[in-house]
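**Student:** mind folding the following:
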Amino acid sequence: MRPHRLAWLLAAAVRLVAGASTSSTSSTTPGVSTPSHASFPLPNSTNTSTKSAKASSIPFSKSISSVSTSSGSTSVSTSQSSVSTSVSTSPTTSTTPTSLVATETGPLTLPISNYPFTPYPTPTLPPIPPIFPSSDPLYPPPVSPDPTVVPDFAPAWAAAYDKARALISNFTIEQKVNVTTGVGWEHGLCVGNTPAVDAKDSPLGVRFAGLVTVFPAGITAASTWNRALIRARGLAMGQEFKAKGVNIALGPMMNMGRIAQGGRNWEGFGVDPFLTGEAAYETILGLQQGGVQATAKHYINNEQEWKRTQESSNVDDRTEHEIYAHPFMRSVMAGVSAVMCSYNLINDTYACQNNKTQNDILKREFGFQGFILSDWAGTMSTLSAVAGLDMTMPGDITFGSNTSWFGANLTAYVTNNTISESRLDDMATRIIAGWYYLHQDQSYPDVTLDSFDAYNPLNLEVNAQEDHDQLVREIGAGGTVLLKNENGALPLNKPKNIVLVGSDAAPPVSGPNEYADQGGDPSGVLAIGWGSGTANFTYLVSPYEAIQARARVDQTSVSWNFNNWDLNKAGNSVIDIEVAIVFINSDSGEAYITVDGNVGDRQNLTAWHEGDQLVLAVAAQNNNTIVVVNSVGPLILEPWVDHPNVTAIVWANLGGNEAGNAIADILYGVWNPSGRLPYTIAKNASDYPAQPVFGGTATDILSINYTEGLLIDYRWFDAYNITPRYEFGYGLSYTSFEYSNLLVTPIYDDSVDYAQKSLIENWSNGGATPIEEGSTTALWLHIPLFKVTFNVKNTGGLYGGEIPQLYVHHPPSAGEPPSVLKGFTNIELVPGQTGQASITLSRYDLSIWDVVRQGWAKPNGTITF
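**Tutor:** Numbers count the residues shown, from 1 in each chain. Coordinates of the predicted model:
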């Protein structure tokens, strides 16, 4: 903690603590008003602000849930987040987003009462090198294509907790509240500020800052299926956040791409919990190795943008555990410092005051040692602290309101014993422990950016970019998926002439930052989506610039036509040209910005700017038409995908700073394509198992029922024999591979005296994991059990990388989808070379969630691969 910040923290209560309370009741502490036990203060419900602006007001409930307490920790009855176990048994018939929708009666809330609290215990299992080594977040285990090490961050957390407890031991209630309460919107240099730490977007770079790198989006990183590249991206981002003096990076984002139109899908890692979990795990290890605290977000079930503050995601318990919570569990195993709760409701209770998800699943079951902070203006009551929320951001109830659910109200609730002071101690301890845990007390740099004044010279004081441009280019190329390649169209080999068609090939008309937060109709190459998950480009290389540079070397004649709307001109421009490359895109983002009628979520799955018609116009006149797609997610390609003149399709995702160079590297074979799809590309939008839920009045809370259950994306297609255009995990190469010598070998040695051996034997005999702290992240559940090995041979003529994927097939009695991804690796080979690859499986990988026993258990029957 920087000296000037520590002095601020100890001096006095900050504005939001010492200022006016939202309650009008009498005061028992000087300068702090105290709520009566007979009333529950609520804010003005006309809030119209989220991170930038909420689309509509936040309604508050007339109904409240019952409350019970038990020893060990605060416990609120799970009726506030009740679950069902039903799963849809027939495919959806919806072909358009829902407009006439079911709505909720109102959010469940907590009553005013007295809430005792006892902290969860810190895990104390002794390290077991090399499988379970004691680890420091600054020095994580080396990255591996087949991870077998389970890092033990418990000793690092324990040391950090000791220091944090010592620091706050003499704090007053007001000073401890200061630690938990943001100082208010635009009252600091970062987007979130407390006297102790500051927090900053985004999941792909340092937002609102100069001289930083815009990394490829999360969806591009996931498309690499390459742990080393994903780890390196996290490390480089962590180094840039630290260079700018930011304590907490607000990323990675790991919400699932449940609906293909989801506005923020591009920030995350796709549709599969295993792939998303591994990408989140490696990103967090990298970020924190770089010195910044990582934040796993948005917890949980925030899968659409429309009415994100006024929708209840209704999810059954098994689906929650096996799909949506899994990436957050992997984040905890990576030692993540912070988790951000989301705007939406979960089973009728707001995420930031949901006892089941925050206290029971995250803190108890996962053994999370860090702190939970709200999404911006996502705190819904002071009693959110009882349900597990540790920090409110940016501090005020609505942006600029100078009121807070924490601050004065939290001080009052603690003073009158509505909330136990031991719970406040726990909140402050968790937050400050994160600071010690990342060693930010040791010469951490001061903040050198100003989120709210782009012209402040402070923004240019530190150049954080280093040599990260090369990594950005590699990830951009590694995350590009080759979908089609007929007649050897690619790679290009010194063609005599090329025409580039489409605005997506061009530099943006007014520069790469032509819209705040990228929130406008893109006039050039689409390199990222829009919203708070962005960063300002220092520069942006377009495909036009990159291909032009290569053409100079090859002495290729290049022409271009960036007008998407004159189809006749586009078609005529490619006549008698050796190669015609058409660039199309599709954009989306966060709900506080509407672009061309898209309120964050996409209204459809077609290409923007008449992209489909543009491809057809060019293909009608040129028999070697190559299509390059920059998209936030799936598109329906049926109008032209089978056109005989469309010889190649390059799915370039969102490439960041070096987008154009990465695309050129693929087109010319500098990088042999190895990317794989992180989602399914369907033939029809109606083939997907879930659609956006639009509609609703200004006061409605929409019901979003996750009726597809476990059958998200490819699992649905498999279960109902729906043929996709391109399946999840698909991708071509310029070379070819063959597999041989598959072998499955048990790793577990029954003669070894493993820790928690009795739990291993219980699982082997059909028992479930116990209901206790850290039950889902327990070492015995995650240590290697089987190793699957096989040979891979490069049978083609070019050096290239292959991405082997392992899908598990459960016995029918398990009630699982037909195929479930449980492992992947990567291997690079020269022509003719054979290499051995491996994928390791744990007991957790082979378990399913038992809703009755509330634990992980192996299914009855035989599992096949």
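**Student:** residue 482 pairs with what?
**Tutor:** Judged by DSSP bridges, the bridge partners of residue 482 are residue 650, residue 732.
**Student:** tell me the confidence at it?
**Tutor:** Per-residue confidence (pLDDT) for residue 482: 98.
**Student:** count the neighbours of it for me.
**Tutor:** Residue 482 has 22 neighbouring residues, counting by other C-beta atoms under 10 Å. All C-beta atoms are positioned from the backbone trio N, CA, C, and that covers glycine.
**Student:** got the contact list for it?
**Tutor:** By C-beta atoms under 8 Å, 6 or more residues apart in numbering, the contact set of residue 482 is 490, 648, 649, 650, 651, 666, 673, 675, 731, 732, 733, 734.
**Student:** that one and residue 805, how far apart?
**Tutor:** Note on residue 482: its distance to residue 805, by C-beta to C-beta, to the nearest Å, is 16 Å.
**Student:** how much space separates the closest residue to residue 486 other than its chain neighbours from residue 103?
**Tutor:** Of all residues not flanking residue 486 in the chain, residue 647 sits nearest, at 4.6 Å (C-beta to C-beta, 6 or more residues apart in numbering). Note on residue 647: its distance to residue 103, by C-beta to C-beta, is 49 Å.
**Student:** residue 832 falls within a helix, correct?
**Tutor:** No - looking at residue 832 with DSSP: H, G, I helix; E, B strand; the rest coil, it is coil, so not inside a helix.
**Student:** which one's more surrounded, residue 647 and residue 103?
**Tutor:** When neighbours are counted by other C-beta under 10 Å, residue 647 and residue 103 differ, and residue 647 comes out ahead with 22 against 16.
**Student:** coming back round to it: quick check: the residue nearest to residue 486 touching residue 578?
**Tutor:** No - using C-beta atoms under 8 Å, residue 647 makes no contact with residue 578, being 11.6 Å away.
**Student:** common neighbours of these two, please.
**Tutor:** What both residue 647 and residue 578 touch, as defined by C-beta under 8 Å, 6+ apart, is the set residue 624.
**Student:** check which helix or strand covers the residue nearest to residue 309 when sequence neighbours are not counted.
**Tutor:** Leaving aside its sequence neighbours, residue 309 sits nearest to residue 343 (C-beta to C-beta, 6+ apart; 4.5 Å). Assessed by DSSP states H and E, residue 343 sits outside every helix and strand.
**Student:** phi first, then psi, for residue 343.
**Tutor:** Residue 343 adopts backbone torsions of phi -80, psi -30, taken as degrees, to the nearest 10.
**Student:** any idea how far residue 267 is from it?
**Tutor:** With distances taken as C-beta to C-beta, residue 343 is found 15 Å from residue 267.
**Student:** between these two, which one's more packed in?
**Tutor:** The residue with more neighbours, out of residue 343 and residue 267, is residue 267; 31 against 26, by other C-beta under 10 Å.
**Student:** can you pull the pLDDT of the more buried one?
**Tutor:** Looking at residue 267, its pLDDT stands at 98.
**Student:** so it sits right up against residue 216, yeah?
**Tutor:** No - between residue 267 and residue 216 there is no contact under C-beta under 8 Å: 11.5 Å.
**Student:** mutual contacts of the two, please.
**Tutor:** What both residue 267 and residue 216 touch, as defined by C-beta under 8 Å, 6+ apart, is the set residue 204.
**Student:** now the helices for the stretch 451-600 of the chain?
**Tutor:** Taking DSSP state H, counting those that start in this stretch, the helices of the stretch 451-600 of the chain run over residues 468-478, 543-554, 567-572.
**Student:** out of the ones you listed, which is the most enclosed?
**Tutor:** Among those, helix 468-478 has the highest mean neighbour count (mean count of other C-beta atoms under 10 Å), at a mean of 24.
**Student:** can you show me the CA trace of that helix as CSV?
**Tutor:** Provided in CSV are the C-alpha atoms of helix 468-478 (Å, rounded to 0.1, in the frame of the first residue of the first chain):
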residue,chain,number,x,y,z
HIS,A,468,4.2,-6.8,-26.6
ASP,A,469,3.3,-6.1,-30.3
GLN,A,470,5.0,-9.3,-31.4
LEU,A,471,2.9,-11.3,-28.9
VAL,A,472,-0.3,-9.6,-30.0
ARG,A,473,0.6,-10.6,-33.6
GLU,A,474,1.3,-14.2,-32.6
ILE,A,475,-2.0,-14.5,-30.7
GLY,A,476,-3.9,-12.9,-33.5
ALA,A,477,-2.5,-15.4,-35.9
GLY,A,478,-2.8,-18.3,-33.5
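**Student:** which strands and helices sit next to that helix?
**Tutor:** On a contact count with 3 or more C-beta pairs under 8 Å, 6 or more residues apart in numbering; DSSP states H and E, helix 468-478 meets helix 218-224, helix 227-243, helix 659-667.
**Student:** so which of those helices gets nearest residue 711?
**Tutor:** helix 218-224 (20.3 Å; C-beta to C-beta).
**Student:** quick check: residue 595 vs residue 304, distance?
**Tutor:** Plainly put, residue 595 is 16 Å away from residue 304 if you go by C-beta to C-beta.
**Student:** who has more neighbours, the two?
**Tutor:** A direct count of neighbours by other C-beta under 10 Å for residue 595 and residue 304 places residue 304 higher, at 29 against 21.
**Student:** who touches that one in this structure?
**Tutor:** Neighbour list for residue 304: 258, 259, 261, 262, 263, 311, 601, 692, 693, 704 [criterion: C-beta under 8 Å, 6+ apart].
**Student:** tally of neighbours for residue 141?
**Tutor:** Residues lying near residue 141 (other C-beta under 10 Å) number 14.
**Student:** wait, residue 488
**Tutor:** Quick note: residue 488 (other C-beta under 10 Å) scores 10 neighbours.
**Student:** again, but for residue 325
**Tutor:** Using other C-beta under 10 Å, residue 325 has 25 other residues around it.
**Student:** now swap in residue 631 and tell me
**Tutor:** Using other C-beta under 10 Å, residue 631 has 26 neighbouring residues.
**Student:** equivalent analysis for the one 10 residues further on, please.
**Tutor:** Neighbour count for residue 641, taken as other C-beta under 10 Å: 18.
**Student:** how many other residues sit next to the residue lying closest to it once chain neighbours are set aside?
**Tutor:** Nearest residue to residue 641, sequence neighbours excluded (C-beta to C-beta, 6+ apart): residue 725, at 6.4 Å. A count of nearby residues for residue 725, using other C-beta under 10 Å, gives 19.
**Student:** let's number from 273 now, not from 1
**Tutor:** Fine by me, first position is 273 from now on; the one you just mentioned is residue 997.
**Student:** spatially nearest residue to residue 603 (excluding sequence neighbours)?
**Tutor:** residue 568 (3.8 Å).
**Student:** if I pick the one you found, what's in contact with it?
**Tutor:** Counting by C-beta under 8 Å, 6+ apart, residue 568 touches 524, 526, 552, 556, 599, 600, 603, 604, 608, 610, 611, 612.
**Student:** top of these by neighbour count?
**Tutor:** Greatest neighbour count in those, by other C-beta under 10 Å, goes to residue 524: 34 neighbours.
**Student:** and the closest residue to residue 387 other than its chain neighbours, how far is that from residue 558?
**Tutor:** Nearest non-adjacent residue to residue 387, counting by C-beta to C-beta, 6+ apart: residue 658, 4.7 Å away. From residue 658 over to residue 558 the distance is 34 Å, taken as C-beta to C-beta.
**Student:** residue 1119 now?
**Tutor:** Separation of residue 1119 from residue 558 (C-beta to C-beta): 28 Å.
**Student:** among those two, which residue is more densely surrounded?
**Tutor:** Of the pair residue 1119 and residue 558, residue 558 is the one with more neighbours under other C-beta under 10 Å, namely 24 against 20.
**Student:** so what's that one scoring on pLDDT?
**Tutor:** 98.
**Student:** ditto for residue 393
**Tutor:** 80.
**Student:** the one 5 residues further on now?
**Tutor:** The score at residue 398 is 74. That number is its pLDDT.
**Student:** in which helix or strand does it reside?
**Tutor:** Using DSSP H and E, residue 398 maps to neither a helix nor a strand.
**Student:** thanks again, I'm all set now.
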